[in-house]
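Novice: next comes the sequence, and after it the predicted model I'd like to discuss.
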Amino acid sequence: MTPRRPWNLLRRDRRPAAPDWSHVDTPEKALAAWQRGELVKLLLMPQDFGGADVPANTVYVPDFVVDVKAGIDMNVIMPMIQRGEIHRYEVEPRYEGRSVVPGALAIVASEPGSFQTQIRIWGRSLAQG
């Protein structure tokens, strides 16, 4: 039996590799990744807020993003809408290089109140901490 080496928690090379979606640089590649189950379809403006299932409102992202965004939309934004605190909602995908998979999603809700956050997905946005 080979003895196990202790973990050196201070070594940077022990961190798991960050996701890299730079190879998904066309809508066709995103659709193929979705068909293989590597990415999921996400509506930027959710149907609960009047968003339509159309290409201009659609991005393909890793599956964790759907749960994170739904949590923000339903637990933060929806109550603000119901209380009349916001009347404007925007989600801006922020892309990395030529990839069509967003590196981050910037969410801004406003008028008259204000709420903004960012969902970091991959690439530079993860390094920004």
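Specialist: Sure, I can see it.
Novice: contacts and neighbour counts: CA atoms only from here.
Specialist: Will do.
Novice: if I pick the residue positioned nearest the centre of the chain, what's in contact with it?
Specialist: With distances taken as C-alpha atoms, centre = their mean, the chain has residue 65 as the residue nearest its mean C-alpha position (4.4 Å). Residues touching residue 65, when contacts are defined by C-alpha atoms under 8 Å, 6 or more residues apart in numbering, comprise 119, 121.
Novice: repeat for residue 44
Specialist: For residue 44, counting by C-alpha under 8 Å, 6+ apart, the contacting residues are 51, 57, 58, 59, 91, 92.
Novice: return the subset of those residues lying in strands.
Specialist: The subset of those located in strands under the criterion DSSP state E comprises 58, 59, 91, 92.
Novice: now, which of those residues sits nearest residue 100?
Specialist: Minimum distance to residue 100 across the ones in strands among the contacts of residue 44 is 7.9 Å, recorded for residue 59 (C-alpha to C-alpha).
Novice: helix/strand/coil for the closest residue to the closest one other than its chain neighbours?
Specialist: Leaving aside its sequence neighbours, residue 59 sits nearest to residue 42 (C-alpha to C-alpha, 6 or more residues apart in numbering; 5.4 Å). Taking DSSP: H, G, I helix; E, B strand; the rest coil as the rule, one finds residue 42 in the strand state.
Novice: look up how far residue 20 lies from residue 42.
Specialist: Summarising the geometry, the distance separating residue 42 from residue 20, computed by C-alpha to C-alpha, to the nearest Å, is 18 Å.
Novice: who has more neighbours, those two?
Specialist: Taking neighbours as other C-alpha atoms under 10 Å, residue 42 and residue 20 compare with residue 42 leading, 19 against 14.
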